[in-house]
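> Generate a structure from the sequence data that follows.
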Amino acid sequence: SWKLRCCRFMPRPLFPRRPAQVSARNVNVPYHCVGISLDVLFFTGGLQLASEQKEDSYHFLVFTDLFGNRTHGVVVQYYTTCLEGVVQNGHRWNSSKPRLYAPFAVCVISKFPYYNALRDCLSCLLVQLRPARQVDFEETIKEFSAKLSLVPLPPPGHVLCPSDQDSPVIDIDLHLPFLCFTHTTLLQVLSCLLQEQRMVFFSSDWARLTLVAESLLLYLQPLSWQQPYVPVLAGGMLDFLMAPTAFLMGCHISHFEEVATEDLILVNIDDGIIQSSLSETVDLPAIPLAAAESFISRAECLQLHYDLELCHLGVGTDANALRCQRRDWQRRLNTQIRNIALELVVNILRGVQDFLSHEHRVFNSEEFLRTREPTDQSFYKKVLETHIFHSFLRDRLNRKWDSFSRMEQNMRNSIENLLISHFFCLSSGLKYPQEAVKVFRLPEFPPPLAYHYVQNYYSDMVASLGRAINATPPDESSLLARYHYLRGLVNTVSNKRLDALEDFQSLYKTDSDIFPSQMVKSLVDSLPEVERRPELKRLISRVKRDQELERAHHGNSNEECAVKRFKLPKKYMQLEEFVRCVQESGIVKDQGTIQRLFDALTVGHQKQVGPDLFRVFYTIWKETEAEAQEVCLPASVLEHIEPSEYVFKLSSSVKTSRGVGKIAMTQRRLFLLTDGRPGYVEVAQYRDLEEVKVSSAPFLLLRIPSLKLRVQGRKEAFEANLKTETELWNLMVKEMWAGRSMADQHKDPQYMQQALTNALLMDAVVGSLQSSKAIYAASKLAHFDRIKMEVPMMVPKTTTETLKHKINPSLELAAPQAVDVLLYTPGQLWVSVGGGKVMVFDASSWSLTHTFHVGNARLNCMLGVNSDQVWMGSEDSVIYIISMLALVCNRQLTEHRAEVTGLKVAYSCSAEGTVMVWDVSTLQVKKHFRLSCDRLQSVHSCNETLWCCSKDSIMEVWRTGSLKHRLKLPEQQRGSTATRSSIRSILLLPEREELWSVCIDSGEVFIWHIKDTVKPLHRVTLQDCTGCYCMIKVKNQVWVGCVGRSSTKGKVYILDTETRLVLKELHGHNDKVKALCSAEDRYVLSGAGKHDGKIAIWKVE
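Numbering: from 1, shown residues only. You can find the predicted model right below:
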């Protein structure tokens, strides 16, 4: 990754007045830099002799190729003696002192921006170059570049502090912009960058240009600058500023007047001023006020002056210790600044996720703008059109889990959803918590850089890394991963490909985030078949599979890169097109609701929705939504309703039996907002309604339609003369009433939310149709009221008393997803819902806190390990290890060859019959064996043996792996091969010496005595059950998840372990119960199949 180029100024001794000649020696300069005259960038101030010695100067370069890849350079320019005398009138006069000095420049070009590190290296090089003779110059440079190439690079993003793979390399002082600009000016500069303006930075110090520009771009992470970027323009390169596109460039301050004639944003770093070339101010929208105020308040807490940190310390005498102390302070300050900058970006762009349709890759920009403050909309309109925002949207649609996603998730989880100041600690200086930095010392460089000496150097480094790996405790997995990465790197350059692959295989298990996929693919492709070790087959097959997936994925890359903006349709839509359009618009995602909406809008017409009708419907929906947001209730009214209640529908002013006013509909109740002096009159809470009907009230000789409500505990009915609105309000109130009843009976608040959506859709349908059939059309959306009328809504008393609450993991999805696995760890509920998606809920409020993916295959099992890890077994044969604290997966166990089906402490099993015994601390396989069976499903430990469950039998196995005996279902139960039952789950009760088993196609529970397994000790028949899927033991009860016989609805049976009788039969799901788990023996949680997709929380007696 290191490239070196040196330039020397070579004057002619006899003709000092002639133009200077430049000789350049190019040592493997990157291909995209070849076409550039690098010399003008090395000698940015021009080439000239000096009559006196000048100070060494450093500056920094950034090169960008046609594909946007950046390469970074660090340049040192120094002066050295070139003439020992001068020539006058044709005679040479010698002098005892040198009179002329020529500039030399040395540049190190790197793939990564190691600005400080390379400046230190060049400083050391100058110490060697100054006393060196002219003839030794090239040899000194070659030796320096060779030694530099012997230094292995750590994983990207891990130079100064551990972080994820997407983190940029940071080797600069991020606080420099805070020293150059006021907080207000700094926000102006960031605003211009976000709006992709044509910007030019100026400074009298060439080094300052790049360092400040790089810092500002790092502030915007994970947003990435997409436009031309040249932080250093030499005097002969000013024509670059005539580019018509947006750009970010830097010039010397001496060119300020020359450049100011263009239409540019000019940033004077030295004076801390930003202005337009057309005026002394910048007439551009500012960053939103709330985000700016939060940024300024956080920035004011920063301690930017290192000297203040030393006030209480003595004077050190160890230069290295002082350097380390300074680096530690800078690292802590950089972390604080990155956190503040990240919070600024999140505060500006949070909420974007709510307006994305991942299924159709659409961003509803209009609706996003509606949610922004009116004073901020001009800023967002400009930002939304930029390339930087388009790239950001693409990452959100691809569900990229980066620093932005993590902080936004934490903000969403905050109770009041405010700008959180407690998310990152801002204590300054040496008090700021930071992980200890580990230093790995390289062996001494080989004196002669001959081949065998270099190989010995690599061997010594591999040996040192091996000792470091052996000395590192297993719980420091992050450090172990980096050691494996470095050793794999060294083995690669040493041409020890097999050893390198073994290291990368260990790395893949320990921290997959820094796994160098491209390097490993190249190694695998270069490896002959005969050299491939058996233990590497797993890694090689995975790399090959990834290559195939990448090739298949490449065909869809254009589609995945595209981000569409929502646009109203221009043609008639059939049902499928209508579903997609409604989902893209963000109105509703549930396919069942959209189909009912389609039926409503097409009543009396062909089954297609025209563009004009949809435009009217969409406009009315959005207007109703905006009107609801604008409702401002007086304090005297607010004190009567809950803080979480909002008015979603407000009638016109009408006469009612309790006064004149407007009827307000919230998600909990109806109330009358009286005219004149606004007052609150309670009409009814939905759960208290007894009757809702359309009536008529006398007015002179006419009868006016009215809405009549009867409420529990009140003798007199409430009547409102809603006139033409009566039929609509009748439909809406009935739907809300039915939704409330279902929500109460099923303990599922989502029913109420869905009923509210249905009611508001009715309102929009009636407003858009404006015909005699409008009410009939709106009745198509009365989903819960229809269920109430057609199907008995009574939930069995036992179920109602035991059911506490319901969670819907598929709430934001177009269709429900099956709950595959449930796991409770202290304070958290882990839910797997297919495709590797894992959702984490807070166990106190049952609210969603985190969502992430592990692989792309379905998870079969989960297990909490050592109170800080969760192991997840997947269909793709990998065991993913999740950190409970960070909620990220960076370690994987890949020893299984088939899908992982069962996990118990220190044990795992896979479908083809393999059982593995793990050393949990080192993550190494201590023992493994294979059983002959049909799909091994789980493994359990009991005393001296293991009990393994497969589809066709239950096996008791010695811990050595030998089979003790095989237990099968009775012949009369198993029947013929075509109809034999498949064992689904077993449960060990060691204290009772019993084994319980259930089958996927049987409604019986078989109970065996562990010491006598010839035949079942007892059978329990579960009434109205056709199959069982899972079992758990809670206290002295066994809970069994099943599917009913008379319907496909899921059931949970509770059995007493002593009497073996069914205590309760619980009806809580519309699909089979696939997963059960216990929360500290206080609650049992059940998860259902894809036709239900919900989690029920049951109380344990």
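> how is the protein carved up into domains?
Here the domain parsing of the chain from automatic domain parsing is 2-149, 176-310+319-431, 451-557, 628-790.
> Next up, identify which helix or strand residue 137 is on.
Here residue 137, judged by DSSP states H and E, is contained in helix 137-149.
> Relative to the whole chain's centre, how far out is that helix?
Here the centre of helix 137-149 is set off from its chain's centre by 44 Å, with Cα atoms, centre = their mean, to the nearest Å.
> mind checking how far the very next helix or strand once past that helix is from the chain centre?
Note on helix 137-149: by DSSP H and E, the next helix or strand toward the C-terminus is helix 176-180. Going by Cα atoms, centre = their mean, the spacing between the C-alpha centre of helix 176-180 and its chain's C-alpha centre is 31 Å.
> helices and strands around the helix or strand just after helix 176-180, which ones?
Secondary structure here is assigned by DSSP H and E; on that basis, the next helix or strand after helix 176-180 toward the C-terminus is helix 183-194. Contact here means 3 or more Cβ pairs under 8 Å, 6 or more residues apart in numbering; DSSP states H and E; on that basis helix 183-194 packs against helix 176-180, helix 206-219, strand 273-276, helix 289-299, helix 387-397. From N, CA and C alone the C-beta is placed, and that goes for glycine too.
> Shouldn't residue 683 be within a helix?
No - assignment of residue 683 by DSSP: H, G, I helix; E, B strand; the rest coil gives strand, placing it outside any helix.
> can I assume it is in contact with residue 668?
No - using Cβ atoms under 8 Å, residue 683 makes no contact with residue 668, being 11.6 Å away.
> which one of the two has more residues nearby?
Set residue 683 next to residue 668 and count neighbours by other Cβ atoms under 10 Å: residue 683 wins out with 21 against 17.
> if you skip the residues just before and after it, what's nearest to the more buried one?
Leaving aside its sequence neighbours, residue 683 sits nearest to residue 670 (Cβ to Cβ, 6 or more residues apart in numbering; 4.0 Å).
> Then residue 254?
Nearest to residue 254 is residue 204, by Cβ to Cβ, 6+ apart, at 7.8 Å.
> one step back: mind telling me what element the residue nearest to residue 683 is part of?
Per DSSP H and E: residue 670 is located in strand 669-674.
> Same question for residue 120.
Per DSSP H and E: helix 115-129 holds residue 120.
> So which residues make contact with that helix?
Around helix 115-129, the neighbours that count as contacts under Cβ atoms under 8 Å, 6 or more residues apart in numbering are 56, 58, 60, 72, 74, 76, 78, 80, 104, 106, 108, 110, 137, 140-141, 144, 148, 159, 171-173, 210-211, 214.
> picking up where we left off before, ok, the residue nearest to residue 254 touching residue 255?
No - counting by Cβ under 8 Å, residue 204 stays clear of residue 255, with 11.0 Å between them.
> and these two? which has more neighbours close in?
When residue 204 is set against residue 255 and neighbours are counted by other Cβ under 10 Å, the residue ahead is residue 255, at 16 against 12.
> Just list whatever residues bridge to residue 1088.
Residues in a beta bridge with residue 1088, per DSSP bridges, are residue 1073.
> List the contacts of it.
Going by Cβ under 8 Å, 6+ apart, residue 1088 touches 818-819, 1050, 1069-1074, 1094-1096.
> Among those, which ones are in strands?
The members of the contacts of residue 1088 that map onto strands under DSSP state E are 1050, 1073-1074, 1095-1096.
> contacting residues around the helix or strand harbouring residue 1027?
If you go by DSSP H and E, residue 1027 is part of strand 1025-1034. The contact list for strand 1025-1034, computed with Cβ under 8 Å, 6+ apart, reads 984-987, 989, 996, 998-1003, 1005, 1022, 1038-1045, 1051, 1053, 1057, 1072-1078, 1081, 1084, 1100.
> low-confidence ranges in this structure?
Residues of the chain that meet the criterion pLDDT under 70 lie in 1-37, 83-98, 155-167, 413-437, 529-561, 698-702, 791-793, 970-980.
> could you say what helices and strands the lengthiest strand in the chain packs with?
For the chain, the longest strand by residue count, based on DSSP E, is strand 70-83. With contacts defined as 3+ Cβ pairs under 8 Å, 6+ apart, strand 70-83 has these neighbours: helix 38-42, strand 57-64, strand 100-110, helix 115-129.
> Nearest to residue 709, out of the ones you listed?
Nearest to residue 709, of all the helices and strands packed on strand 70-83, is strand 57-64, at 69.1 Å by Cβ to Cβ.
> quick revisit: for the strand holding residue 1027, list every residue counted as buried.
Of the residues in strand 1025-1034, those buried by neighbour count under the rule 16 or more other Cβ atoms under 10 Å are 1025-1034.
> and the gap between residue 828 and residue 654?
50 Å (Cβ to Cβ, to the nearest Å).
> Also residue 963?
The gap separating residue 963 from residue 654 is 80 Å, by Cβ to Cβ.
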